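Colleague: the amino acid sequence is not available; the structure is as follows:
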C-alpha cells in the first residue's frame, strides 16, 4: 500500500486539472542517439527474450540504434506517476488514469508526430484519444489497448460466468463451494470504477453515466459494494506474476485481470479462461509518453517510432493478449498475430470498454464529481477495513 501513500501528495498537486496544461517546447528534429533509454512500463510490455525467447523487441532496437534500454516495471498507474514525478526516466507506457495527471502536472512533454513516420498507421480511434490528446496537443503515442477481463477457473465454472457478481458478492459457485477466499480484486484505486461499472447495470436508478464520473451518492454506493467485496477477497493483486502463482497453486476461482495473465496461465496448461460479462468492462488504452525533462530525447523518438513497427505490435498483441495500436499488425503477416487473434482479443469490442481515465471534480456528466485523490485515500480505507 505504500505506493499509494507515496504518490498521494503528488496527486493532490497534479489534479487541479487538465485544462491547465500548456504547450511546452517541442522537439523539432532528431539527432544522434544518446546511448541509452530509461522506460517505465507495465509488466510484459517491454520484452527482450528473457521471459520467452520468442518475444524480444528490445535487442534489435539496441543493435540498430545504440540506445541501450533500461526498463523499470510498475504494477499500478500510481507507481508510474510517482516514478515520473521523481524523474530520471525518459518514457512511460501510461494508461489513461495516469496520463492526464502527468499532463496536468507538466511531467510529460508534447510529442511532435511529424518526427514519427509510422504515425499514419495508428488506429484512427486512438490518434486523438482524450487520455493523451489535450487542448489540441499530442502528449503520447498509442501502444496497446484492451479490456480488464474476468478470469475464472474452468474447473470451478463449467460455463463462463455471465456477471461480475461472482467477485463482488458472497455466493456459492458452481462447484458448490463459497467464493469467500477464492476471489481477488485489483490493488488500485481505479478498481472503484469496476464497482461503479457493475452498479451502472444493476442499479440504473443511481444515474451513473461514466464509472469515472461519480457524485457523492454514486461514489458512496461504489464504496459500499467494495466493502462487501472485501469480506470475500483473498488477495488484492497488483503483481501479475503473483496472481499467476495464486491461480496455479492457491485454488483461486475468479478475479478481474489483464489478458496477459490469462495467456501465460493457459500457455502453462492451467485450467483458466476469461470473459467480458453482461455488465461490460473497464479497460486501458496505453500511450508512450515522454518526460518533460527527458535526458535522452533522441533515443526516445527512435523508440516511439520503433514501438509502432507492425511486427512489434503483432507480437506484443499475441504476448499480452490485447490489441495493437496499429490495426495492420493483425493482418499483414509481419508478426505472430492474425485477424482471428485480434478478434479474440476484442478488437471489435472498443465501444464496450470504458477506458481508464482520471476522475476529476469538474466532470462533464454532472455538476461535481469525487476527484481522484479521494479515490486513493478511500480505497486504502476499504482495503484496511474502514
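Modeller: Sure, I can see it. Please read all numbers here as calculations on a predicted model, not as lab measurements.

Colleague: and the strands in the stretch 201-350 of the chain?
Modeller: For the stretch 201-350 of the chain, the strands defined by DSSP state E, counting those that start in this stretch cover 233-237, 254-257, 272-275, 281-290, 323-324.

Colleague: what's the spacing between the residue sitting nearest the centre point of the chain and residue 260?
Modeller: By C-alpha atoms, centre = their mean, the chain has its centre lying nearest to residue 284, at 4.2 Å. Separation of residue 284 from residue 260 (C-beta to C-beta, to the nearest Å) stands at 11 Å. (Each C-beta comes from the backbone N, C-alpha and C, glycine too.)

Colleague: my read is residue 33 is in a strand, agree?
Modeller: No - secondary structure of residue 33, determined by DSSP: H, G, I helix; E, B strand; the rest coil: coil, with no strand assignment.

Colleague: contacts only, for it.
Modeller: 65-67, 296, 298-299, 302 (C-beta atoms under 8 Å, 6 or more residues apart in numbering).

Colleague: residue 279 now?
Modeller: 163-164, 197-198, 200-202.

Colleague: give the contact list for the residue nearest to the centre of the chain.
Modeller: 95-96, 145-146, 148, 355-356.

Colleague: so of those, which ones are in helices?
Modeller: Assigned to helices by DSSP state H, the following of those qualify: residue 96.

Colleague: least confident of the contacts of residue 284?
Modeller: Least confident of the contacts of residue 284 in the model: residue 96, at 90.

Colleague: surely it touches residue 354?
Modeller: No - applying C-beta atoms under 8 Å as the test, residue 96 and residue 354 come out as separate, 10.2 Å apart.

Colleague: who's more crowded, those two?
Modeller: Taking other C-beta atoms under 10 Å, residue 96 and residue 354 do not tie; residue 96 has more neighbours (25 against 20).

Colleague: what sits closest to the more buried one if chain neighbours are left out?
Modeller: Distance criterion C-beta to C-beta, 6 or more residues apart in numbering; nearest residue to residue 96, sequence neighbours excluded, is residue 131 at 3.2 Å.

Colleague: and that neighbour, backbone torsions?
Modeller: phi -90, psi 0 (degrees, to the nearest 10).

Colleague: distance check, it against residue 55.
Modeller: 26 Å.
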